[in-house]
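In: quick one: sequence and predicted model below, then my questions.
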Amino acid sequence: MIDKFVRSMAEAMAGIADGSTVLIAGFADVGQPNALIEGLVEQGARDLTIVMNSGGRGGTGLPKLLEAGRVRKLICSFVRSASVAGELVTAGKVELEVVPQGTLAERIRAAGAGVPAFYTPTGAGTKIARGKEVREIGGRECILEYALPGDVALVEAWRADRWGNLEFRAAGRSYNPIMAAAGRLTIVQTQHVAELGEIEPEAVVTPGIFVHRVLHVPYGDPVMPAPAKS
């Protein structure tokens, strides 16, 4: 019987290695898997490359991972200077790669679709193009961008069934589906649990073939309790 639900945060986070590239979904705080980020802090993997829409804000989510000294590199579209990420980048403690938001999304989507690279006019003639292959296509300069897969993808869903079929709600659909497809190990926190067949087929945005582990984090609970230490 296929059942991708795990029983604990420790089980969900098992096997994430030092040096992993981790895709963390969400747009600002919407659709962000905060419980899984907390679990990653507790799990202890280091020297991580984090791919995320932004560098985080406040004290929840990514800032905790950064403050714990677990992040080597951050790939994102936006970082506030007055933030944990901004301060660490300025101090030279975290490497930063800034990617235009549309390009970031397409690099992740391409990884999930099996497309190794693509050309885009976005960033041509700017600092973003430095060191990249440039071609003229249709009379416009375009730069070559490579797909961006993750060793791990951390995803937040509205509902999931035991096969790993996922439904997203409103803006929570932003980066979650493409990151789920681009992760070699996709771990999901879901607010609600559905029986098989309960999610209408057209509402299944991410089919279970892309999902490896699912943890139920009930709606309204900010984070899962930290696993007990032996």
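Out: Now that the structure is in, tell me what you want to look at.
In: need the contact list for the closest residue in space to G208 that isn't next to it in sequence.
Out: Spatially, and ignoring its direct neighbours in sequence, G208 is nearest to G164 (3.2 Å; Cβ to Cβ, 6 or more residues apart in numbering). Where C-beta positions appear, they are placed from N, C-alpha and C, glycine not excepted. Contact partners of G164, counting by Cβ atoms under 8 Å, 6 or more residues apart in numbering, are K4, V188, P207, G208, I209, F210, V211, H212, V214.
In: recalculate using a threshold of 6 Å.
Out: K4, G208, V211, V214 (Cβ atoms under 6 Å, 6 or more residues apart in numbering).
In: now for those residues: which two are most distant?
Out: G208 and V214 (8.9 Å; Cβ to Cβ).
In: how about the CA coordinates for the helix or strand hosting I50, as CSV?
Out: Element membership for I50 (DSSP states H and E) is strand 48-51. Extracted in CSV, the C-alpha atoms of strand 48-51 (Å, rounded to 0.1, in the frame of the first residue of the first chain):
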residue,chain,number,x,y,z
LEU,A,48,23.5,24.4,2.6
THR,A,49,22.6,26.3,-0.5
ILE,A,50,19.1,27.7,-0.1
VAL,A,51,17.0,28.6,-3.1
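In: beta-bridge partners for the most centrally placed residue in the chain, please?
Out: With distances taken as Cα atoms, centre = their mean, the residue of the chain nearest its centroid is I24 (2.1 Å). Counting by DSSP bridges, I24 is bridged to L154.
In: against R107, how distant is it?
Out: Using Cβ to Cβ, to the nearest Å, we find I24 at a distance of 15 Å from R107.
In: please apply the same query to Q191.
Out: On the measure of Cβ to Cβ, Q191 and R107 end up 28 Å apart.
In: what packs against the longest helix along the chain?
Out: Longest helix of the chain, by residue count under DSSP state H: helix 101-113. If contacts are counted by 3 or more Cβ pairs under 6 Å, 6 or more residues apart in numbering; DSSP states H and E, helix 101-113 sits against helix 176-182.
In: and after the helix it packs on, which helix or strand comes next?
Out: strand 183-193.
In: quick one: list the elements packing against that next one.
Out: strand 150-160, strand 213-216.
In: can we see that at 7 Å?
Out: Where contact means 3 or more Cβ pairs under 7 Å, 6 or more residues apart in numbering; DSSP states H and E, strand 183-193 is packed against helix 34-43, strand 150-160, strand 213-216.
In: tally of neighbours for A91?
Out: Number of residues near A91 (other Cβ atoms under 10 Å) recorded here: 8.
In: quick one: it and E67, what's the gap?
Out: With the distance defined as Cβ to Cβ, A91 ends up 13 Å from E67.
In: quick check: mean pLDDT of the longest helix of the chain?
Out: For helix 101-113, the mean per-residue pLDDT is 97.
In: partners of whichever helix or strand comes after that helix, with directions?
Out: Using DSSP H and E, the helix or strand that follows helix 101-113 in sequence is strand 117-120. Here strand 117-120 is paired, per DSSP bridges, with strand 140-146 (antiparallel).
In: any regions of this structure where pLDDT drops low?
Out: 58-59, 220-230 (pLDDT under 70).
In: list phi and psi for V22.
Out: phi -120, psi 120 (degrees, to the nearest 10).
In: how much space between it and P207?
Out: In terms of Cβ to Cβ, V22 sits 22 Å off from P207.
In: kindly report the same for A153.
Out: For A153, the distance to P207 - Cβ to Cβ - is 15 Å.
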